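> build me a structure from this.
(2 chains)
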Amino acid sequence: MPTDVSLWPLIGVGVIIAGFVLRFNPMLVVIATAIATALAAGFGFDRILATIGTGFIKTRNLPLIILLPLAVIGLLERHGLRQHAQNWISSIKSATAGRLLVVYLAARELTAAVGLTSLGGHPQMVRPLLAPMAEGAAQTRYGTLPQRIRHKLRAYSAATDNVGLFFGEDIFVAFGAIVLMVTFLREAGIEVEPIHVALWGIPTAICAFLIHGWRMYRLDKMLDKELGGGRAAEEVAAEQAAAAKSVEAR
Amino acid sequence: MILSIQHLYYLVGIILAITALMTLADKGHTRRYTSAAFWGLYSLVFLIGERLPPEWVGVGVIVMALIAGFGGVGFGVHKPRTDAQYFASAKRLANKLFVPALAIPAVTVIGTVLLHNVRIGDALLLDPKNTTLVSLGVGCIVALALACWLTRETPVQGMRESRRLTDALGWALVLPQMLGMLGLVFSDAGVGKAVAYVTTSYINMDIRFVAVAVYVLGMALFTIIMGNGFAAFPVMTGGVGVPILVGVYGGDPAVMAAIGMFSGYCGTLLTPMAANFNIVPAALLELPDKNAVIKAQAPTALALLVVNIFLMYFLMFR
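Numbers count the residues shown, from 1 in each chain, chains lettered A, B, ... in the order given. Presented below is the predicted three-dimensional model:
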């Protein structure tokens, strides 16, 4: 065990947790944390700027997947993609929000497990298709939805995409994470086969499907309880009255 | 190689430069000049970033963070269509609307699976290290052409729509990269070593179950801090996994790695630091609560962590 470890850089962890808990603007929290951490590690002024600059250049691939599809998705939205996604799902009588999300979870996890991780994603699948479909399926059943429920269905759609992707992709042997694990263990003097790492991921992947799938199945029960029997219409009416009032107050 | 990730950086740089210019020309914009400066600086990072001295880029990043942090990134004027127009065009184009949307993943998959290592002459067609991303870029261009043809719109309208969505995302679009940068600063400054030292020094690992729980929960906790399971894995596995779970107790390292990384992913589901998966979708779906996606995932992630402790305990020492 090394005893000469400097604990000063942990100040950075404190800064970022405090920043998020106190709800400062995340951009300011991150840049303040970067500077505080580098100072605590004893970096000079020039080195702090260079570390931030180099780090920012090295991570330029991160926003690509979000930025590139925006023009296409925006154009299709302008021509009614979201409305059509809702109409389409309402033509399937057995569709409910929960069942739709369970089916998507299974498809996302299975395609990720065979390496097709780019078949889903938030900009190109969740915003234009999955979330409008989840809203559409609930709307067919309960009529116009209150904002609270719309937001909940959207958040659940995004969550389902994440869970399916994360716990599917590590079963794929050629995925970067498996390579990283095998390489790290080799440097520590332990040889493991990539296929074994992939196989031992399967029990967790199955549990992830069962746990999240069960929660999505419960979602339908929750919607029934909260919106069934005309309660959706009541809440929407109350919401509209509140909105009208706040407009008058201005 | 013929198509590399560098071309995508130029493409993104151009899109952002157009966004900045459109913002500058938008007289009704709430924060016209600061927003244009923000998107303009960001476009420079993609267009000439690797040719600038890193200190300059550092200054640019700090300026961007200050603009965003003090509310300098605002919304432009975007004319929405009427509901009747949306429904009319949804009815007219119907299922054809799905074609360009699905063309993005379809082309990406074709590129990744079929065109990997394809050569034209002596040059590789696609960047071998970034096949998926480069294919995604090609997919978006193909889909944009399809969408323009289908809707009889121009690429300029596509740029306007791109700017509308970029405005909706605001600075959240830059946050993943800021956090990625922070992760690299953390590792340069030795935060990982310090966290591993603290976790291993103050907990009694003489009980096998406790050691497993420390490893699983440590992976999740460290990922929550770093926003990235890949950063947590070497730290926790080097600090606890290899010396104690494998070294002292003789557990199966393949099980440790597989379930350990998945425990890290449970942490990813729980943290605003994983901005790409949690904060950006909240902005993209126009949710008022930035943590709504994390809240939707938390019960799944916490239940799965408990399951992972038991799975690792029983599968590692079979």
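> contact partners of stretch B:307-318?
Contacts to stretch B:307-318, defined as C-beta atoms under 8 Å, 6 or more residues apart in numbering or on different chains, come from residues A:200, A:203-204, A:207, A:211, B:208-209, B:212-213, B:215-217, B:245, B:249-252, B:255-256, B:259-260, B:262-263, B:266. To be clear about C-beta, it is placed using only N, CA and C from the backbone, and glycine gets the same treatment.
> I'd like the average pLDDT over it.
For stretch B:307-318, mean pLDDT rounds to 94.
> quick check: buried residues in it?
Neighbour counts over stretch B:307-318 (16 or more other C-beta atoms under 10 Å in any protein chain shown) mark B:307-309, B:311-313, B:315-316 as buried.
> are any of the contacts of stretch B:307-318 buried, and which?
Neighbour counting by 16+ other C-beta under 10 Å classes A:200, A:203-204, A:207, A:211, B:208, B:212-213, B:215-217, B:245, B:251-252, B:255-256, B:259-260, B:262-263, B:266 among those as buried.
> the helix or strand containing A:Pro132: what's the following helix or strand?
Using DSSP states H and E, A:Pro132 sits in helix A:131-142. With elements assigned by DSSP H and E, the helix or strand that comes after helix A:131-142 is helix A:147-169.
> quick one: that following helix to chain centroid distance?
Centroid separation between helix A:147-169 and its chain, computed with C-alpha atoms, centre = their mean, to the nearest Å, is 6 Å.
> close to chain A, is whichever helix or strand B:Ala20 is part of?
Here B:Ala20 sits within helix B:5-25, counting by DSSP H and E. Yes - judged by C-beta under 8 Å from any C-beta of the partner chain, helix B:5-25 and chain A are in contact via B:5, B:8-9, B:11-12, B:15-16.
> do stretch B:207-217 as well
No - applying C-beta under 8 Å from any C-beta, one finds stretch B:207-217 separated from chain A by no less than 10.6 Å.
> could the C-alpha coordinates of that stretch be exported in PDB?
Written as PDB, here are the backbone C-alpha positions of stretch B:207-217 (Å, rounded to 0.1, in the frame of the first residue of the first chain):
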ATOM      1  CA  ILE B 207     -14.600 -10.500   6.000                       C
ATOM      2  CA  ARG B 208     -15.000 -11.700   2.500                       C
ATOM      3  CA  PHE B 209     -18.600 -10.400   2.100                       C
ATOM      4  CA  VAL B 210     -17.500  -7.000   3.300                       C
ATOM      5  CA  ALA B 211     -14.600  -6.900   0.800                       C
ATOM      6  CA  VAL B 212     -17.100  -7.800  -2.100                       C
ATOM      7  CA  ALA B 213     -19.500  -5.100  -0.900                       C
ATOM      8  CA  VAL B 214     -16.700  -2.500  -0.700                       C
ATOM      9  CA  TYR B 215     -15.600  -3.300  -4.300                       C
ATOM     10  CA  VAL B 216     -19.200  -3.200  -5.700                       C
ATOM     11  CA  LEU B 217     -20.300  -0.100  -3.800                       C
END
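> quick one, grab the pLDDT at residue 120.
With no chain named, the answer covers chain A. 88.
> chain B, not that one
B:Ile120 is assigned a pLDDT of 82 by the prediction.
> can you list contacts of the helix holding A:Pro132?
The contact list for helix A:131-142 (C-beta under 8 Å, 6+ apart) reads A:81-83, A:85-90, A:95-97, A:99-101, A:145, A:149-150, A:153-154, A:156-158, A:223, A:227-228, A:232, B:285.
> same deal with stretch A:81-95?
Contact with stretch A:81-95 is made by A:73, A:100, A:128-129, A:132-133, A:135-137, A:139-140, B:86-87, B:90, B:93-95, B:97-98, B:101, as judged by C-beta under 8 Å, 6+ apart.
> and it, how far out from the chain middle?
The chain centroid and the centroid of stretch A:81-95 are separated by 23 Å, computed with C-alpha atoms, centre = their mean.
> the residue lying closest to B:Phe209 once chain neighbours are set aside and B:Ala301: what is the separation?
Distances taken as C-beta to C-beta, 6 or more residues apart in numbering or on different chains place B:Tyr313 nearest to B:Phe209, at 5.9 Å, with adjacent residues excluded. From B:Tyr313 across to B:Ala301, the span is 19 Å (C-beta to C-beta, to the nearest Å).
> tell me which element the closest residue to chain A within chain B falls in.
Closest residue of chain B to chain A, C-beta to the nearest C-beta: B:Glu161 (2.5 Å). Following DSSP H and E, one finds B:Glu161 within helix B:155-169.
> is B:Leu287 in a helix, a strand, or coil?
coil (DSSP: H, G, I helix; E, B strand; the rest coil).
> contacting residues for the residue of chain B closest to chain A?
B:Glu161 is in contact with A:70-71, A:73-75, A:77-78, counting by C-beta under 8 Å, 6+ apart.
> repeat the analysis, applying 6 Å as the threshold.
Shown in contact with B:Glu161 (C-beta atoms under 6 Å, 6 or more residues apart in numbering or on different chains): A:71, A:74-75, A:78.
> and A:Val182, by the same measure?
Contact analysis of A:Val182 by C-beta under 6 Å, 6+ apart lists A:Pro194.
> contacts only, for the closest residue to A:Ile16 other than its chain neighbours.
By the measure of C-beta to C-beta, 6+ apart, the closest residue to A:Ile16 outside its immediate chain neighbours is A:Thr33, 4.4 Å from it. The neighbourhood of A:Thr33, defined by C-beta under 6 Å, 6+ apart, consists of A:12, A:15-16.
> between these, which is closest to chain B?
A:Gly12 (5.9 Å).
> would you mind measuring from the closest one to B:Met178?
Per C-beta to C-beta, A:Gly12 is found 14 Å from B:Met178.
> picking up where we left off before, could the contacts of A:Thr33 go into a markdown table alongside secondary structure?
A markdown table is the format used below for these (three-state DSSP):
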| residue | secondary structure |
| --- | --- |
| A:Gly12 | helix |
| A:Val15 | helix |
| A:Ile16 | helix |
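> rewinding a little: pLDDT-wise, what's the bottom of the residues of helix B:5-25 next to chain A?
Among these, B:Ile5 carries the weakest pLDDT, at 89.
> pretty sure it contacts B:Thr132?
No - the criterion here is C-beta atoms under 6 Å, and B:Ile5 misses it with B:Thr132 at 10.4 Å.
> per-residue pLDDT, B:Phe230?
B:Phe230 is assigned a pLDDT of 84 by the prediction.
> excluding its backbone neighbours, what's nearest it?
B:Phe230 sits nearest to A:Leu180 (C-beta to C-beta, 6+ apart), 6.0 Å away.
> next one: B:Val185
Closest to B:Val185 by C-beta to C-beta, 6+ apart is A:Ala34, at 4.7 Å.
> tally of neighbours for that neighbour?
31 (other C-beta atoms under 10 Å in any protein chain shown).
> SS state for it?
Secondary structure, three-state DSSP: A:Ala34 is helix.
> from A:Arg154, how far out is it?
As judged by C-beta to C-beta, A:Ala34 and A:Arg154 stand 31 Å apart.
> and if you look at B:Gly139?
24 Å.
> run through the residues that contact the residue nearest to B:Val185.
Applying C-beta under 6 Å, 6+ apart, we find A:Ala34 in contact with A:52, B:182, B:185.
> OK, contacts around the residue of chain A found nearest chain B?
Using C-beta to the nearest C-beta, the single residue of chain A nearest to chain B is A:Gly74, 2.5 Å away. Contacts for A:Gly74 (C-beta under 6 Å, 6+ apart) come out as B:161-162, B:164-165.
> in TSV, list these along with pLDDT and distance to B:Thr223.
Converted to TSV, those look like this (pLDDT from 0 to 100; distance: C-beta to C-beta, whole Å):
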residue	pLDDT	distance to B:Thr223
B:Glu161	94	35
B:Ser162	95	32
B:Arg164	93	34
B:Leu165	93	29
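> in which helix or strand would I find B:Gly264?
B:Gly264 belongs to helix B:253-268 when assigned by DSSP H and E.
> need the next SSE after that helix, C-terminal direction.
Sequence-wise, the next helix or strand downstream of helix B:253-268 (DSSP H and E) is helix B:275-284.
> thanks a lot, catch you later.
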